[in-house]
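Visitor: Sequence first, then the predicted structure:
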There are 4 protein chains.
Amino acid sequence: MSDVLKIGREILDSQPFSKLLGAELIYFEVGSAEISLLIRDELKQQHGFVHGGVISYLADNCMTFAGGSIFGDGVTAEYKINYVRPAIGDKLIARSTVLSSGRRQAVCECKVFVVRGEKEVLVAVAQGTISKVEKT
Amino acid sequence: MSDVLKIGREILDSQPFSKLLGAELIYFEVGSAEISLLIRDELKQQHGFVHGGVISYLADNCMTFAGGSIFGDGVTAEYKINYVRPAIGDKLIARSTVLSSGRRQAVCECKVFVVRGEKEVLVAVAQGTISKVEKT
Amino acid sequence: MSDVLKIGREILDSQPFSKLLGAELIYFEVGSAEISLLIRDELKQQHGFVHGGVISYLADNCMTFAGGSIFGDGVTAEYKINYVRPAIGDKLIARSTVLSSGRRQAVCECKVFVVRGEKEVLVAVAQGTISKVEKT
Amino acid sequence: MSDVLKIGREILDSQPFSKLLGAELIYFEVGSAEISLLIRDELKQQHGFVHGGVISYLADNCMTFAGGSIFGDGVTAEYKINYVRPAIGDKLIARSTVLSSGRRQAVCECKVFVVRGEKEVLVAVAQGTISKVEKT
């Protein structure tokens, strides 16, 4: 495991909400991140699909890691997400990359897939701004 | 309690993820909804603030209720959210209203506040599209 | 005419693209702005409605003025817009207010209306971030 | 020139606002589109950069073409755009692809570049929803 990934996992593990949901950092390098999440009944809405809030959480957090890989520490300033398909399957995977970065902000995109058996199916796409956390 | 609010509460209670997080429907009428959520440690990130994913969930879900109040049943097609301040306090409150609606879609806005003692402080603003769930 | 409005009009007049389109600053105070635009054939798309690009321009620019009223000089960092109805009429009016502002950024919302005779009809809603222009 | 591109150019030429700005359809196939625009002083703001409204127009219109390539005729329902760098150069190029499409809507992304001599530099990224125009 790379040092960067190890540090990333420690950060994810220090987020109580990410622990509650069960997110796992799979890949983490400068400019990109990948987070997965096992689907369980607690994460669903009334129609039996994964709740949109879970997918938003995953996209948001994955972009924070991608952007944070540039800055050391980052927070999501804003993002937008389009849900393109109900999420039905075993696992979610979010993959985010930095599209552009400056001194204080990075613009990232993220795609969220649901894994059904061998197949990955796109369920959401997101775009947003990650801000550097300024030490004070 | 109005019949509309009663129905709304039953829907919210049928969402396992909303139960996991502890969301409560406070107000529900045609064109608007209000959902609250007690803040507890499990919902935080590593800096001790409420995790953005929780705030996104709340905004997303509240807009789904506001839009769904027009259509009977709705799902979020897309939205954007700006986090404007770290959420530190006792409780979150999301308030959403429908800005415009057509046959199949409603555009909604939502403001999310954190309650600290007697004060409400704005922590996020969102805007998105709720689509009618078509019976098949 | 207030001094603030006078300064705002000089800024708008110094934007060649705003002159090309014919935008006029109607109202300008700290935290809010209103810009109007007469509809003419050159601003339309193939179905006879005002082109979405014109409406986006107006929302973007109006939010820049609202945010810029806080900072002295601002640029749009990002925004999202929902078109809610085709724009058919005599004039467009955009109204923007600041929802929240910090040292370097302001989050604004904007509503765009089309004027038909005596009536104003909502055609688009937008939300975005205005960044302070840092003097170097 | 392909038949699809020829039809696309006729549509773009039938948009008075696109003629006013000078947009040209460069590439058009099912699922993607590319539109370019020569930069001239009329399209600038007060700091000498291309006005954000021009960039928004280009991203919006390019996504409408990408999405419209699926449906025959499409309109932008909503989009968000992040400006990542001031646009200074000779020409703008927007490239859009469809990320996902259903019966009535397509979710598209668009990147806008400025051309300076031989180089292309990213100036904005957008993501949005194109709706099929229903014949009535």
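Guide: On my side now, so go ahead.
Visitor: Run me through the strand neighbours of the longest strand seen in chain A, direction for each.
Guide: The residue-count maximum for a strand in chain A (DSSP state E) belongs to strand A:119-132. Counting by DSSP bridges, the strands paired with strand A:119-132 are strand A:74-83 (antiparallel), strand A:105-116 (antiparallel).
Visitor: so which of those strands is the most packed in?
Guide: strand A:74-83 (a mean of 26; mean count of other C-beta atoms under 10 Å in any protein chain shown). For the C-beta atoms, the positions are set from N, CA and C on the backbone; glycine is no exception.
Visitor: Buried residues, the helix or strand just after it. List them.
Guide: Following strand A:74-83 in sequence order, the next helix or strand is strand A:91-101 (DSSP states H and E). Using 16 or more other C-beta atoms under 10 Å in any protein chain shown as the test for burial, strand A:91-101 gives A:Leu92, A:Ile93, A:Ala94, A:Arg95, A:Ser96, A:Thr97, A:Val98, A:Leu99, A:Ser100, A:Ser101.
Visitor: For chain B, state which of those residues is nearest.
Guide: A:Ala94 (11.4 Å; C-beta to the nearest C-beta).
Visitor: Name the nearest residue to that closest one, sequence neighbours excluded.
Guide: A:Cys62 (3.8 Å; C-beta to C-beta, 6 or more residues apart in numbering or on different chains).
Visitor: again, but for A:Asp90
Guide: A:Val115 (5.5 Å).
Visitor: Now render the strands paired with strand A:119-132 as TSV, adding mean pLDDT.
Guide: Below are these laid out as TSV (pLDDT from 0 to 100):
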stretch	mean pLDDT
strand A:74-83	97
strand A:105-116	98
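Visitor: CA atoms only for stretch A:34-43, dumped as PDB, please.
Guide: Taking C-alpha atoms only, stretch A:34-43 is exported to PDB below (Å, rounded to 0.1, in the frame of the first residue of the first chain):
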ATOM      1  CA  GLU A  34     -11.700   6.100  -5.500                       C
ATOM      2  CA  ILE A  35     -14.000   5.200  -2.600                       C
ATOM      3  CA  SER A  36     -16.300   2.100  -2.400                       C
ATOM      4  CA  LEU A  37     -19.300   1.300  -0.100                       C
ATOM      5  CA  LEU A  38     -21.100  -2.000   0.400                       C
ATOM      6  CA  ILE A  39     -24.800  -1.600  -0.100                       C
ATOM      7  CA  ARG A  40     -27.000  -2.800   2.800                       C
ATOM      8  CA  ASP A  41     -30.700  -2.300   3.600                       C
ATOM      9  CA  GLU A  42     -30.000   0.600   6.000                       C
ATOM     10  CA  LEU A  43     -28.800   2.700   3.100                       C
END
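Visitor: Any chance you could list what contacts it?
Guide: A:12, A:21-28, A:50-51, A:54, A:58, A:61-62, A:65, A:87, A:89-96, A:114, B:16-17, B:19-20 (C-beta atoms under 8 Å, 6 or more residues apart in numbering or on different chains).
Visitor: Nearest to chain C within chain A, name that residue for me.
Guide: A:Lys80 (5.4 Å).
Visitor: right, and that residue touches B:Lys80 too?
Guide: Yes: A:Lys80 lies in contact with B:Lys80 (C-beta atoms under 8 Å); the separation is 3.4 Å.
Visitor: shared neighbours of those two, which are they?
Guide: In contact with both A:Lys80 and B:Lys80: C:Lys80, D:Lys80, using C-beta under 8 Å, 6+ apart.
Visitor: follow-up on the earlier one: buried ones in the helix or strand encompassing the residue nearest to A:Ala94?
Guide: According to DSSP H and E, A:Cys62 maps onto helix A:52-71. By neighbour count on 16+ other C-beta under 10 Å, the buried set for helix A:52-71 is A:52-71.
Visitor: Compute the inter-axis angle for that helix and strand A:119-132.
Guide: Counting by axes from the mean of the first three to the mean of the last three C-alpha atoms, to 10 degrees, helix A:52-71 points 50 degrees away from the direction of strand A:119-132.
Visitor: Assumed A:Ile11 was part of a strand.
Guide: No: read with DSSP: H, G, I helix; E, B strand; the rest coil, A:Ile11 is helix and lies in no strand.
Visitor: any idea what sits nearest it, other than its immediate chain neighbours?
Guide: Among residues not flanking A:Ile11 along the chain, B:Gln46 sits closest, at 6.2 Å (C-beta to C-beta, 6+ apart).
Visitor: correct me, but the one you found touches A:Ser14?
Guide: Yes: under the criterion of C-beta under 8 Å, B:Gln46 makes contact with A:Ser14 at 4.1 Å.
Visitor: what's near enough to touch A:Ile81?
Guide: Applying C-beta under 8 Å, 6+ apart, we find A:Ile81 in contact with A:Ile55, A:Ser56, A:Ala59, A:Ala124, A:Val125, A:Ala126, B:Glu78, B:Tyr79, B:Lys80.
Visitor: so how far is C:Val125 from the spatially most central residue of chain A?
Guide: Centroid-nearest residue in chain A: A:Cys62, 2.3 Å away (criterion: C-alpha atoms, centre = their mean). Between A:Cys62 and C:Val125 the computed distance is 28 Å (C-beta to C-beta, to the nearest Å).
Visitor: just A:Ser32 next, same as before
Guide: Counting by C-beta to C-beta - A:Ser32 and C:Val125 are separated by 33 Å.
Visitor: Low-confidence regions, chain A specifically.
Guide: Within chain A, the ranges that satisfy pLDDT under 70 run A:136.
Visitor: Recalculate using a threshold of 90.
Guide: Scanning chain A for pLDDT under 90 picks out A:1, A:134-136.
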